[in-house]
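Trainee: sequence-free structure coming up:
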């Protein structure tokens, strides 16, 4: 394997000059640069990433502390982050913590030891212990892909307007003629669960619809919870004509439960989801849902982080992304539809 000394000898320059050409740390005559790069190419020389990082105080690596990379929503955001990092010449180090504080503590220490240039955080929950840990690493440029009310002066934050998305879902069902409406929210303690559900309840309140408690069953964003929640809702003497699921994966389980009980979606009961995960288009029926701009979220997070890294920006920024309705085939008109509209 060629060394920097081999390159210097072939180009007829010093090793210091080769280093300046590679790292662009000093002016070097164009003729000399051409000779150095020709020697590098001829010898297939690859500079030591470790040595170079020590020289320029950059490792060209970014850490991502995430809840999980398995859930479809998280997987799509992480894919966008990885693509953005790759296009900018950065390596992504992914750490799945599954919301375990011990794992989060260990991963943060490991990432700091590896001298990452910046940190992205995408955790479903932000207890005070985690926030305190993040503050201990405030010297590292950081962006939180938040979905909640986490605000700290040492990080940039990207917020999902969950309330607006839940409100859109509720308004859409009402405008399609539904008044007997159930819901399967995610964990209400999280913004993804509670925020979406509060927006949904606001839409019902504006339409003077009182939600029936037996038609609201909490899930946990997993398909099994949507399946069990729909079973419980449909075990009641009277059924809703539509159900809002706080996540597409729960909607998949809910549709399965309705089908097994002999109900057709949307002819007998309508279902609307949330997130617009990649496979939502291929559910049966194709799922009407609230779209989250997942690719844009990942790209924005990397852009904001690189701004902190490269431009040394220290002032915090907060960006809010807005959900949109995607209309497909899982919602039919309800009995109160106004066909004159």
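Mentor: Structure received. Please read all numbers here as calculations on a predicted model, not as lab measurements. Residues are numbered from 1 along each chain as shown.

Trainee: lowest-confidence helix or strand of the chain?
Mentor: In the chain, no helix or strand scores lower on mean pLDDT, DSSP states H and E than helix 49-56, which sits at a mean of 50.

Trainee: ok, the nearest residue to residue 331 once chain neighbours are set aside - contacts?
Mentor: Leaving out its chain neighbours, the residue that sits closest to residue 331 by Cβ to Cβ, 6 or more residues apart in numbering is residue 270, at 4.2 Å. No exception for glycine: its C-beta is placed from N, CA and C like everyone else's. Residues in contact with residue 270 (Cβ atoms under 8 Å, 6 or more residues apart in numbering) are 173, 176, 178, 241-243, 330-332, 334.

Trainee: and which of those residues is nearest residue 33?
Mentor: residue 330 (60.8 Å; Cβ to Cβ).

Trainee: Now do the same for that closest one: helix, strand or coil?
Mentor: Of the three states, residue 330 takes coil according to DSSP: H, G, I helix; E, B strand; the rest coil.

Trainee: That one reaches residue 255, doesn't it?
Mentor: Yes - counting by Cβ atoms under 8 Å, residue 255 is a contact partner of residue 330 at 7.3 Å.

Trainee: Which of these two has more residues huddled nearby?
Mentor: residue 255 (27 against 24; other Cβ atoms under 10 Å).

Trainee: Against residue 301, how distant is the more buried one?
Mentor: As for residue 255, its distance to residue 301 is 32 Å (criterion: Cβ to Cβ, to the nearest Å).

Trainee: again with residue 245
Mentor: Residue 245 is 26 Å from residue 301, where distance means Cβ to Cβ.

Trainee: who touches the helix or strand that contains residue 250?
Mentor: Here residue 250 sits within helix 248-260, counting by DSSP states H and E. With contact meaning Cβ under 8 Å, 6+ apart, helix 248-260 is reached by 71-73, 184, 186, 219, 221-231, 234, 243, 245, 264-265, 268-269, 271-277, 280, 283-284, 287, 289, 330.

Trainee: Please list only the buried members of those residues.
Mentor: 71-73, 184, 186, 219, 221-223, 225-231, 234, 243, 245, 265, 269, 271-277, 280, 283, 287, 289, 330 (16 or more other Cβ atoms under 10 Å).

Trainee: Sort out for me which of these are in helices.
Mentor: 72-73, 223, 225-231, 234 (DSSP state H).

Trainee: Just the closest of those to residue 152, please.
Mentor: Using Cβ to Cβ, those come closest to residue 152 at residue 73, 23.7 Å.

Trainee: List the residues that contact the residue nearest to residue 111 when sequence neighbours are not counted.
Mentor: Nearest residue to residue 111 in three dimensions, chain neighbours excluded: residue 63, at 3.9 Å (Cβ to Cβ, 6+ apart). Counting by Cβ under 8 Å, 6+ apart, residue 63 makes contact with 92-93, 95, 107, 111, 114, 116, 118-120.

Trainee: if we go to 6 Å?
Mentor: If a contact means Cβ atoms under 6 Å, 6 or more residues apart in numbering, then residue 63 has 93, 111, 116, 119 as its contacts.

Trainee: What count of nearby residues applies to the third one?
Mentor: This means residue 116. 25.

Trainee: Wait, a strand at it?
Mentor: No - read with three-state DSSP, residue 116 is coil and lies in no strand.

Trainee: ok, the residue lying closest to it once chain neighbours are set aside to residue 11 distance?
Mentor: Using Cβ to Cβ, 6+ apart and skipping residues adjacent in sequence, the residue nearest residue 116 is residue 63, 4.4 Å away. Distance from residue 63 to residue 11, counting by Cβ to Cβ: 36 Å.

Trainee: what about the strands in the stretch 201-341 of the chain?
Mentor: 242-245, 270-272, 289-291, 318-321, 324-326 (DSSP state E, counting those that start in this stretch).

Trainee: Return the set of buried residues in the fourth one.
Mentor: Taking 16+ other Cβ under 10 Å as the neighbour-count basis, strand 318-321 is seen to contain the buried residues residue 321.

Trainee: likewise the last one?
Mentor: Under the neighbour-count criterion of 16+ other Cβ under 10 Å, strand 324-326 has residue 326 buried.
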